[in-house]
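Trainee: Predicted model, plus sequence, below.
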Amino acid sequence: MGWYLIAASESSWGTFTFYSVMVLIGVNMIILAHEAGHFVVARLCGVKCEKFYVWFDVFGWKICRFRWGETEYGLGVLPLGGYVKMLGQEDNPARLREELERAKAARAAGEPSAEARGQTSPDSPDSADSSASETIDIEAAEQALFDPRSYLAQSVPKRMAIISAGVIMNVVFALGAAVIAYQIGVRQFASGVGAVVPGEGAWKANLRIGDRIEEIAGKPVYTFYDLKSAVSLGDVGQGVSMLVRRPGVAEPIRVTAMAEQGSIAPEIGIGLPRDTSLVEKFPVFPGSCAARSRPEFQGGDRIVQIEDVPVEDYSDVDAQLARHPDKPLKFLVERRGEPRESEVEGPPVMERILIEVAPAPMRRLGLVMQMGEITSIQDGSPAAEVGLHAGDRILRVDGRPIDDPMTLPDQLRRQANEGGDPRVTLTIKRVGEEEPVEIDVPMREVDTFDSVVSRDSPVSLPSLGVAYRVLNRVRAVLPESPAAKAGLKADDVVVKAELILPDKDSLESLGLGENARYFLEEEPPFEFGEGEDEWPFVLFALQRMLPGTRVKLEVEDGRTFTLSPVEDADWFDPNRGLLFDVVYVHRRATSIGDAIRLGIDETTNSLLVIYRTLKKLGTGQVSPKGLIGPVGIVGYAYEKAMEGPGEFLLFLCLISANLAVINFLPIPVLDGGHMVFLAYEGVRGKPPSERVFVGLSYLGLALILLLMIWVLGLDFGCIARR
């Protein structure tokens, strides 16, 4: 329930209550639409509906009820759905008929009825050993079977229409929600690249920051959600074919990236696209070099120039930050100014401000880890041209041993970018070869930087286009460093790392006040299993933590060390603490016809997403750990409600469409299961036997209960998603 507490803390209780009510109404409208479908079609077929409830009135408990005509309407106490109770509704009509015949035979033989013996319920203790024929209400059973307004008295096609109406109404609701959403207008993350994970499919295919992905497998994609769904649910065996529009390139290019199995689903390793504007609420990271700059950056500032280089999009920002991480940089920003009285009605007044930002030293512990083998080669890179392969190990660079595998990318950047020798000689140890070989590699200019953004990521060497492992075994300890003072030694193997948040005094020195909570997200401990080299991720995660963060390390022999990092004098973080906003796409229908077209597309895609997800769950391409339960759904609904009414309606469209598909699966106790039994009855002329029906129903119920336990375990963190 962490989302609940965060939401409450981020806004006033009045705002929180408003969005909570909005979510409550929206989610229950989906339930209401489903049950209304059953109800309306049942009434059209002449069936008497005795009850119509949203939520379940377990043990007869209900929040409210009222009667209108012959139907009781109410709100139950268990908020997990709803139901319509029809006259004669019996999950297995064969059982009802069999029990009715036995009850009639018993009555003809003169045996006392259950009512005569004071038995009013088959669940009462005195009736535990009695037969079903003694407990059945013969009059009610006869009415259920033979009353023309009974559900069981209807033909198979009519009963099919009643059962399927709930699912159909969910599809109609999804369509209506999507149409209204596009009439209002929606804002979603754009389909682009704001980060590339070293060594993964997008990195290997040489996708670049700033690329905009327009098609996947020949189908257009408009949002980052579309992009991720197309990758994770697509046919990834032959790679993901993309049409990419790249800044500075006139024509779109075709790129094929191999998707790799992530913890939940296949991924190509990209992050959300970034804008040149800074985040409105927090434009800089507290305590960073950007935060110490004067004049200060403000939310919404748009970077238009760095030094003397104009900035058109985020790829220009990324290039300048990557080229000059160790130099002060002057940022020209465009900021909305205060309007003058004469211009109140006109366009906003924009002013330009020059802000210089100092280099940002990397925080280090003084550990030099062992370098591992090359894991990946980038397409079209210098390394690919000279024939380097995954599995090769770099032993020396220009005849010198590697000082530190973490600082090697920056060392070669300086050589490639700052007038040094554009070629480098690598001494390589190849798999299966006894003697190392020397290979001359032409380096390219470094105009991007790859921060490690996922666990177990390799380190990227942009000047060559290779990614290599950094092991969690210590090769050396720098003199007078925190690690040396703590007693860490060469050949120690780090098996666990934990980032410890700053103490109260450190936080107060930053002057964050109550805003500190936004930057106090704890990273779970990093446990290094066999073959998992998370040291680069730990080190880069440390750079994204508040000043005063400490690191607790555990080594293989059980010793633990708590270290306070120090700033490196010659290694710098290119980002400098600037927080860039995400690129959005705004979609709004130009007419009612356009809204209907967009709504149909959205609903169709939502239906196909859950169908493809279920299919990929069956093949193992998608992990069941990616599922969410009712708690997760409510949490996501709250987030979407805060984003805006259009975004919230699109989320309701997705949930309603998903409910339609899931509820129509051929599983007993679901509507789809009832449709299967009705189809059987229509073909055979009689319902399935009680033994078959009961067995399958219990099996279906067990599957549903197991699924609920699983998703609730994921929602509450009892089951790890990774």
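Mentor: Right, received. Where do you want to start?

Trainee: roughly how far apart are the residue most central in space within the chain and G271?
Mentor: Nearest residue to the geometric centre of the chain (C-alpha atoms, centre = their mean): G626, 8.0 Å. As defined by C-beta to C-beta, to the nearest Å, G626 lies at a distance of 19 Å from G271. Using the backbone N, CA and C atoms, a C-beta is placed for each residue, glycine as well.

Trainee: do L699 as well
Mentor: From L699 over to G271 the distance is 43 Å, taken as C-beta to C-beta.

Trainee: again with L579
Mentor: Shown here: L579 relative to G271, a distance of 14 Å by C-beta to C-beta.

Trainee: So which bits of the helix or strand harbouring L354 are buried?
Mentor: When secondary structure is defined using DSSP states H and E, the element that contains L354 is strand 350-357. When burial is assessed from 16 or more other C-beta atoms under 10 Å, strand 350-357 yields the following buried residues: I355, V357.

Trainee: I'd like to know which elements it is packed against.
Mentor: Judged by 3 or more C-beta pairs under 8 Å, 6 or more residues apart in numbering; DSSP states H and E, the packing partners of strand 350-357 are strand 329-336.

Trainee: Quick one: mean pLDDT over the helix or strand V27 falls within.
Mentor: Assigning secondary structure by DSSP H and E places V27 in helix 13-44. Averaged across helix 13-44, pLDDT comes to 91.

Trainee: likewise stretch 594-612?
Mentor: 94.

Trainee: can you check stretch 527-536 too?
Mentor: Average pLDDT, stretch 527-536: 79.

Trainee: CA-only coordinates of that stretch in CSV, if you can.
Mentor: The C-alpha coordinates for stretch 527-536 follow below in CSV (Å, rounded to 0.1, in the frame of the first residue of the first chain):
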residue,chain,number,x,y,z
GLU,A,527,23.2,-9.2,-3.4
PHE,A,528,25.9,-10.4,-5.8
GLY,A,529,25.0,-13.9,-6.8
GLU,A,530,27.2,-16.2,-8.9
GLY,A,531,27.6,-14.6,-12.4
GLU,A,532,25.9,-11.3,-11.2
ASP,A,533,28.3,-8.4,-11.4
GLU,A,534,26.4,-5.5,-9.9
TRP,A,535,29.3,-3.4,-8.9
PRO,A,536,28.9,-0.8,-11.7
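
Trainee: mind checking how far that stretch is from the chain centre?
Mentor: Mean-position distance between stretch 527-536 and its chain equals 24 Å (C-alpha atoms, centre = their mean, to the nearest Å).

Trainee: so when I look at E498, I'm seeing a strand, right?
Mentor: Yes: under DSSP: H, G, I helix; E, B strand; the rest coil, E498 sits within a strand.

Trainee: Flag the shaky bits of the stretch 301-450 of the chain, pLDDT-wise.
Mentor: Low-confidence segments of the stretch 301-450 of the chain, defined by pLDDT under 70, are located at 338-347, 420-421.

Trainee: show me where it has helices.
Mentor: Using DSSP state H, counting those that start in this stretch, the helices found in the stretch 301-450 of the chain span residues 314-323, 382-385, 408-417.

Trainee: Check the stretch 101-250 of the chain too.
Mentor: Under the criterion DSSP H, counting those that start in this stretch, the stretch 101-250 of the chain contains helices at 132-135, 138-146, 156-184, 201-204, 224-232.

Trainee: Would you reformat those as CSV and include mean pLDDT?
Mentor: Shown next, in CSV, are those (pLDDT from 0 to 100):
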stretch, mean pLDDT
helix 132-135, 45
helix 138-146, 61
helix 156-184, 96
helix 201-204, 96
helix 224-232, 93
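
Trainee: Setting aside sequence neighbours, what's the nearest residue to S481?
Mentor: Taking C-beta to C-beta, 6 or more residues apart in numbering as the measure, S481 lies nearest to G366, with 2.2 Å between them; neighbours along the chain are not counted.

Trainee: what's around the one you found, how many residues?
Mentor: Using other C-beta atoms under 10 Å as the criterion, G366 is surrounded by 21 other residues.

Trainee: What of E527?
Mentor: In terms of burial, E527 registers 12 neighbours under the definition other C-beta under 10 Å.

Trainee: so it sits right up against V495, yeah?
Mentor: Yes: at 7.0 Å, E527 and V495 qualify as touching, with contact defined as C-beta atoms under 8 Å.

Trainee: confidence score at P112?
Mentor: What the model reports as pLDDT for P112 is 51.

Trainee: how about the helices of the stretch 601-722 of the chain, start to end?
Mentor: Residue ranges of the helices in the stretch 601-722 of the chain, as given by DSSP H, counting those that start in this stretch, are 630-643, 645-663, 671-684, 690-715.

Trainee: Give the buried residues for the longest one.
Mentor: Neighbour-count burial for helix 690-715 flags F693, L696, S697, G700, W710, V711, L714, D715 (criterion: 16+ other C-beta under 10 Å).

Trainee: Repeat that for the first one.
Mentor: Applying a neighbour-count criterion of 16+ other C-beta under 10 Å, the buried positions in helix 630-643 are V631, G632, I633, V634, G635, Y636, A637, Y638, E639, K640, A641, M642.

Trainee: Wait, I180 touches L650, no?
Mentor: No: if you go by C-beta under 8 Å, I180 and L650 don't touch, sitting 9.7 Å apart.

Trainee: one step back: ok, the buried residues of helix 690-715 vs R430, which is closest?
Mentor: The shortest gap between R430 and any of those belongs to L714, at 44.2 Å (C-beta to C-beta).

Trainee: Just to check, that closest one is in contact with S623?
Mentor: No: with contact defined as C-beta under 8 Å, L714 does not reach S623; the gap is 10.6 Å.

Trainee: State the distance from L233 to P273.
Mentor: As for L233, its distance to P273 is 21 Å (criterion: C-beta to C-beta).

Trainee: same question but for A257, I mixed them up
Mentor: Following C-beta to C-beta, the distance that separates A257 from P273 is 16 Å.

Trainee: ditto for S481
Mentor: Separation of S481 from P273 (C-beta to C-beta) stands at 38 Å.

Trainee: Of those two, give the one with the bigger neighbour count.
Mentor: When neighbours are counted by other C-beta under 10 Å, P273 comes out ahead of the other of S481 and P273, with 27 against 19.

Trainee: Pull the contacting residues for the closest residue to the more buried one other than its chain neighbours.
Mentor: The spatially closest residue to P273, leaving aside those adjacent along the chain, is G192, at 3.1 Å (C-beta to C-beta, 6+ apart). Neighbour list for G192: G210, D211, R212, I213, F224, L272, P273, V583 [criterion: C-beta atoms under 8 Å, 6 or more residues apart in numbering].

Trainee: swap the cut-off to 7 Å and go again
Mentor: D211, R212, I213, P273, V583 (C-beta atoms under 7 Å, 6 or more residues apart in numbering).

Trainee: same question, G26
Mentor: G26 makes contacts with A637, F648, L652, as judged by C-beta under 7 Å, 6+ apart.

Trainee: Same question for I667.
Mentor: Contact partners of I667, counting by C-beta under 7 Å, 6+ apart, are G673, G700, L703.

Trainee: ok, now how distant is it from A265?
Mentor: Relative to A265, I667 is positioned 23 Å away (C-beta to C-beta).

Trainee: Let me know the angle separating whichever helix or strand R473 is part of from helix 408-417.
Mentor: For R473, the host element (DSSP H and E) is strand 466-477. Following axes from the mean of the first three to the mean of the last three C-alpha atoms, to 10 degrees, one obtains 120 degrees for the angle between strand 466-477 and helix 408-417.

Trainee: any idea how far strand 466-477 is from the chain center?
Mentor: What separates the centre of strand 466-477 from the centre of its chain is 31 Å, taken as C-alpha atoms, centre = their mean.

Trainee: No further questions, thank you.
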